[in-house]
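**Student:** Have a look at this prediction, sequence included:
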Amino acid sequence: MCDTAGMTSRPVVSARALVKRFGGFTAVDGIDVQIAPGEAFGFLGPNGAGKTSTMRMIGCVSPVTDGELRIFGLDAATNGRTIRGRIGVVPQLDQLDSELTVVENLLIYGRYFDLSRAQCRAKADELIDFVQLDEKRMSKVDSLSGGQKRRVSIARSLVNDPELLLLDEPTTGLDPQARHVLWDRLYQLKERGATQVITTHFMDEAEQLCDRLVVMDGGLIVAEGSPQSLIREHVRREVLEVRFGYGRNQEQLPALDGVGSRIEVLPDRLLIYDDDGEAALSELHRREIVPDSALVRRSSLEDVFLKLTGRTLVE
Amino acid sequence: MSAASLPLRIVPSVLFDIRRPQRMMERSLYVYKRGWMVLLSGFVEPLFYLLSIRVGLAALVGDVETGGVLVPYDQFVAPGLMAAAAMNGAIFECTANVFYKIKHSKLYDAVLATPMSAGDVAFGEISGAVVRSAIYSVAFALTMWVLGMVESPWFVLAIPAATLIGLAFASLGMALTTFMRSWEDFEYVPAITLPLFLFSTTFYPISQYGQWSWVVGFSPLYHGVELVRAANLGQWDASIVGHVAVLVALSFVGVTVASRRIARLLLT
């Protein structure tokens, strides 16, 4: 209604020095995040980085320990009910109502948001169509596959036409085909203008879905930017992966001096970063160094994470 | 908001935050629309008790004196069984079922992500259990009437009395369930409800306890049995106020504790 220029530029989510502690354990250790309307924003990081804790605070189901958190300009500590009415949540583990059918799940969920029964029916039809589950309409959710359940979760999170959608590891545990169906739906939602906040530990997912992301580790934000800018900023365009056999990679380092712009040693392989991976490989051949295997690929967020923390993301 | 102000915010708000508990009842309606046969089980058990006492025990025991009048034994026991049926219906719905929803199906986590509050969840589930318990009470009352065991037209008030029993036990049951850690803890439920069932003047008058009769006052079910029995005989005295007050107070405590515990467990 009153969607003035001032309103659209105001961040949907604004966190300042946000902290979450559970007893003596600090899950989120003072992060600053601003998420703009219409943006697809990612929290990337390994398990235990503080992603889910952050999401739960944004979803107003977890009290903020310290710092400030505003959603739609409202204080999360005092306006939880109002905020929850305007967001949709797809939790990490499907929390579908296992005693009900697909359509009943959507109908009753709409009622929690105070929609009329007629509104709920219309919305349920529309959303079942959107996630293409017409033939499963009357099935109990327990009988669905993992991918289908996740689609019901997404449909359910949309019953209240949320302005902000929170997706906590939306494709974890899904097969590649189901992931792509899901990505496709999320992309459509983004086109319609819904702000999305996504947590993931999949690099390709973050690169596909997110306009901008932060990399979290140990409750802190260690990097921020678009997927492309992070790769540009922290690693070279390409990576040459070479293997000399388990545990024998470190000893190759002296011979490789001067190859590529930076070399990362992992137990099972060496990562040689360079703008031209093929050139680095040629240099290896010229020096008559013969690895067990060699592979040139484009750099990914995984490499960014490795550079920033010295660890791989999914152990 | 600092962490220090949180408890202050939760204490008064838990009950004030109850806005749409009826949504949880709507949900239960969806569930029972398919599984209404489950509802029968809760009614059959007290009915068997009633029939067995009427067929066998009543003739052996003869008449019992209660409130200054002599009534056949089966008519003495029937109100007690009706009160116990209300208790069991409420307890059944609010213990194992609720535990499953808290720990396993994660139902409440999903509900609390919406504008629904912890108070809505707790009071809504309790209300659903009260309805279920009230259905049993009505069925039981009709059976008593058909069998000619109703003494007074005041007996219609036995229905609200049984509903109040349902509310008290559903609230306490749900509050208790929020403290349970595993399914093993549910062994304690019959350990509590069985003695209540046996010693709440269900089967014999309080005078039988002699100088220990005051102990019976600690049983919430006793206050319920006295209400239903008074309704059946149409004999009201000042003690009724006390019995009602006890059940109302227990309900209030139960709803408050259950709401706070749901928030404590799930809104972490």
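**Tutor:** Nice, thanks for sending it over.
**Student:** Quick check: chain neighbours aside, which residue is closest to the residue of the stretch 101-250 of chain A found nearest chain B?
**Tutor:** The nearest approach of the stretch 101-250 of chain A to chain B comes at A:Tyr112, 3.9 Å away (Cβ to the nearest Cβ). Placement of C-beta: from N, CA and C, glycine included. Closest residue to A:Tyr112 in three dimensions, ignoring its sequence neighbours and counting by Cβ to Cβ, 6 or more residues apart in numbering or on different chains: B:Thr114, at 3.9 Å.
**Student:** wait, isn't that neighbour in contact with A:Arg86?
**Tutor:** No: counting by Cβ atoms under 8 Å, B:Thr114 does not reach A:Arg86; the two are 10.7 Å apart.
**Student:** what sits in contact with each of those two?
**Tutor:** Common contacts of B:Thr114 and A:Arg86 (Cβ atoms under 8 Å, 6 or more residues apart in numbering or on different chains): A:Asn160.
**Student:** quick one, strands of the chain?
**Tutor:** Picked chain A for this. Using DSSP state E, the strands of chain A run over A:13-22, A:25-35, A:40-44, A:66-71, A:74-75, A:87-90, A:164-168, A:195-200, A:212-217, A:220-225, A:238-243, A:262-265, A:270-274, A:293-298.
**Student:** I was after chain B.
**Tutor:** Listed from the start of the chain, chain B has strands (DSSP E) covering B:63-66, B:69-72.
**Student:** ok, back up a step: any idea how many residues pack against the residue nearest to A:Tyr112?
**Tutor:** Counted by other Cβ atoms under 10 Å in any protein chain shown, the residues lying close to B:Thr114 total 25.
**Student:** OK, contacts around it?
**Tutor:** By Cβ under 8 Å, 6+ apart, the contact list for B:Thr114 reads A:84-85, A:109, A:112-113, A:160.
**Student:** circling back: including mean neighbour count, distance to A:Asp303 and mean pLDDT, could the strands of chain B go into a markdown table?
**Tutor:** Formatted as a markdown table, those follow (neighbours: other Cβ atoms under 10 Å in any protein chain shown; distance: least, Cβ to Cβ, whole Å; pLDDT from 0 to 100):
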| stretch | mean neighbour count | distance to A:Asp303 | mean pLDDT |
| --- | --- | --- | --- |
| strand B:63-66 | 16 | 84 | 86 |
| strand B:69-72 | 14 | 86 | 87 |
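**Student:** Mind putting those into CSV with distance to A:Ser9?
**Tutor:** Output for the strands of chain B, formatted as CSV (distance: least, Cβ to Cβ, whole Å):
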stretch, distance to A:Ser9
strand B:63-66, 77
strand B:69-72, 79
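**Student:** and the stretch 151-300 of chain A, which residues reach chain B?
**Tutor:** By the rule Cβ under 8 Å from any Cβ of the partner chain, the part of the stretch 151-300 of chain A lying against chain B is A:Asn160.
**Student:** remind me which residues of the stretch 151-300 of chain A are low pLDDT?
**Tutor:** Counting by pLDDT under 70, not a single residue of the stretch 151-300 of chain A qualifies.
**Student:** And the helices in it, which stretches?
**Tutor:** A:176-191, A:203-209, A:227-234, A:277-286 (DSSP state H, counting those that start in this stretch).
**Student:** wait, isn't A:Thr82 in contact with A:Leu74?
**Tutor:** Yes: at 6.2 Å, A:Thr82 and A:Leu74 qualify as touching, with contact defined as Cβ under 8 Å.
**Student:** re earlier: could you dump the strands of chain B to JSON lines with distance to chain A?
**Tutor:** Output for those, formatted as JSON lines (distance: least, Cβ to the nearest Cβ, whole Å):
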{"stretch": "strand B:63-66", "distance to chain A": "44"}
{"stretch": "strand B:69-72", "distance to chain A": "44"}
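**Student:** Burial check on B:Thr201, number of neighbours?
**Tutor:** Per other Cβ under 10 Å, the neighbour tally for B:Thr201 reads 24.
**Student:** How about the residues of chain B by chain A?
**Tutor:** Along chain B, the residues adjacent to chain A under the rule Cβ under 8 Å from any Cβ are B:1-3, B:6, B:17, B:20, B:23, B:26-27, B:30-31, B:105-107, B:109-117, B:266-268.
**Student:** Can you get me a residue count around the closest residue to B:Ala118 other than its chain neighbours?
**Tutor:** In this structure, B:Ala118 finds its nearest non-sequential neighbour in B:Ala263, 3.7 Å apart by Cβ to Cβ, 6+ apart. The burial count assigned to B:Ala263 is 22, neighbours taken as other Cβ under 10 Å.
**Student:** same thing with the one 3 residues further on?
**Tutor:** The local packing of B:Leu266 (other Cβ under 10 Å) involves 19 other residues.
**Student:** B:Tyr204 now?
**Tutor:** Counted with other Cβ under 10 Å, residues neighbouring B:Tyr204 total 16.
**Student:** okay, and for the stretch 51-200 of chain B, where does confidence drop off?
**Tutor:** For the stretch 51-200 of chain B (pLDDT under 70), the answer is none.
**Student:** can we see that at 80?
**Tutor:** Scanning the stretch 51-200 of chain B for pLDDT under 80 picks out B:67-68.
**Student:** Which parts of it are helices?
**Tutor:** Assignment of helices within the stretch 51-200 of chain B using DSSP H, counting those that start in this stretch yields the ranges B:58-61, B:73-94, B:96-99, B:107-112, B:118-146, B:158-177, B:188-199.
**Student:** right, and A:Asp66 touches A:Ala15 too?
**Tutor:** No: at 11.2 Å, A:Asp66 does not count as touching A:Ala15 under the criterion of Cβ under 8 Å.
**Student:** Tell me which of the two has more neighbours.
**Tutor:** Using other Cβ under 10 Å as the criterion, A:Asp66 and A:Ala15 rank with A:Ala15 on top: 24 against 16.
**Student:** contacting residues for the spatially closest residue to the more buried one that is not a sequence neighbour?
**Tutor:** Excluding the flanking residues, the one nearest A:Ala15 by Cβ to Cβ, 6+ apart is A:Val33, at 4.4 Å. A:Val33 sits next to A:13-15, A:18, A:41, A:54, A:214, A:221 when contact means Cβ under 8 Å, 6+ apart.
**Student:** If anything else comes up later, I'll come back, but that's it for now.
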